[in-house]
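Novice: build me a model:
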Amino acid sequence: MSAIAALLAAVRALHERTPELASYAPWPSDLSPFEVRPHLVEAAQNLGVQSLRGTRGTARVIKALRRAAPELEWRQTYTAEEVGERFLRTYGYVELFGPTGHFRSKQLRGYLGFWGPDLTYDWHAHEAEELYFTLAGQAVFAARGASNVSLKPGQARSHAANQPHMMITLDQPYLCYVLWRGAGLEGLPRMVAS
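Specialist: Predicted structure coming up:
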C-alpha cells in the first residue's frame, strides 16, 4: 500500500469510528484516486521533527501523515500580504479528498491542515459548511454569533456557511482534519472583517 493510500485508510478509520465526524457527513462513496504532483511547503518539510501531541485515537493519522508528507501536494491559500511571512513559513494543508484532491469526490472535501505555534489565522469565511477536528495541539476558535472555544485533540468545532471565524494556535503546532460539505466545495476561504 502506498503512503498516501495508507493515510487515506487511517483518516477513514478515524472518520468512521468517531461519532462527531460520521454524523457530520458520511465517508464519501465516490472516491477515485487522482495523480497529483507532490509539492512541499516549508511547514511540511519540517513535519517529521515537529512535536505533534495527539491522542491514542489520532496517533495513526499523525504517523501516516508524517510518512506520506513528501508525496503530498501541500498548499497555501493566502499571500504574505494577507497573513504575513511567519504564518506562511509554518502553515500548509493537503486536500486529501475532494474536487481537486489526491482522491476525487464531489460529495465531501477533506483536508489535513497544519499551523505552527502562536499563530493567528485571522477572520475568514467560505461558502461551504465546515467542521474542524483536532488531531494534535490546541487552538482557540472564535466565530461570529458563537462562543469562543479551545479545542484539544479529539474535539471538534463546526462553522456554518459564510460564517466568519478565526483561530489562534497556542504553544504547540496544531494539526487538524477539516471537512467541508454542502454548496461551495470547490471554493476557497477569503479573509473578511470580524
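Novice: this protein: helices as residue ranges?
Specialist: Assigned by DSSP state H, the chain shows helices spanning 3-17, 19-24, 42-45, 59-68, 80-83, 85-89.
Novice: which among those helices is found nearest to G182?
Specialist: Distance to G182, taken as C-beta to C-beta, is lowest for helix 19-24 among the helices of the chain, at 11.1 Å. Placement of C-beta: from N, CA and C, glycine included.
Novice: identify the residues contacting that closest one?
Specialist: Outside helix 19-24, the residues within contact range by C-beta atoms under 8 Å, 6 or more residues apart in numbering are 14-16, 131, 133, 156, 158, 177, 179, 181.
Novice: now do stretch 35-55
Specialist: The contact list for stretch 35-55 (C-beta under 8 Å, 6+ apart) reads 61-62, 65-66, 69-76, 88-92, 101-102, 114-116, 135-137, 153-154, 172-173, 175.
Novice: go ahead and build a ChimeraX selection from the buried members of these.
Specialist: Restricted to buried positions by 16 or more other C-beta atoms under 10 Å, the ChimeraX selection for those reads:
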select :61,62,65,66,69,72,73,74,75,76,88,90,91,92,101,102,114,115,116,135,136,137,153,154,172,173,175
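Novice: circling back: any idea which of the helices of the chain is most buried?
Specialist: helix 59-68 (a mean of 20; mean count of other C-beta atoms under 10 Å).
Novice: same for that one, what does it pack against?
Specialist: On a contact count with 3 or more C-beta pairs under 8 Å, 6 or more residues apart in numbering; DSSP states H and E, helix 59-68 meets helix 3-17, strand 129-136, strand 174-181.
Novice: so can I have TSV of these showing mean pLDDT and distance to E35?
Specialist: As requested, the helices and strands packed on helix 59-68 are arranged in TSV below (pLDDT from 0 to 100; distance: least, C-beta to C-beta, whole Å):
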stretch	mean pLDDT	distance to E35
helix 3-17	98	10
strand 129-136	98	26
strand 174-181	98	22
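Novice: of all these, which lies closest to E81?
Specialist: Among those, strand 174-181 sits nearest to E81 (C-beta to C-beta), with 22.9 Å.
Novice: show me what the closest one pairs with in its sheet, parallel or antiparallel.
Specialist: Sheet pairing of strand 174-181 (DSSP bridges) gives strand 109-115 (antiparallel), strand 129-136 (antiparallel).
Novice: JSON lines for the helices of the chain, including distance to H124?
Specialist: Formatted as JSON lines, these follow (distance: least, C-beta to C-beta, whole Å):
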{"stretch": "helix 3-17", "distance to H124": "23"}
{"stretch": "helix 19-24", "distance to H124": "20"}
{"stretch": "helix 42-45", "distance to H124": "18"}
{"stretch": "helix 59-68", "distance to H124": "23"}
{"stretch": "helix 80-83", "distance to H124": "9"}
{"stretch": "helix 85-89", "distance to H124": "12"}
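Novice: nearest to P164, out of those helices?
Specialist: helix 80-83 (14.9 Å).
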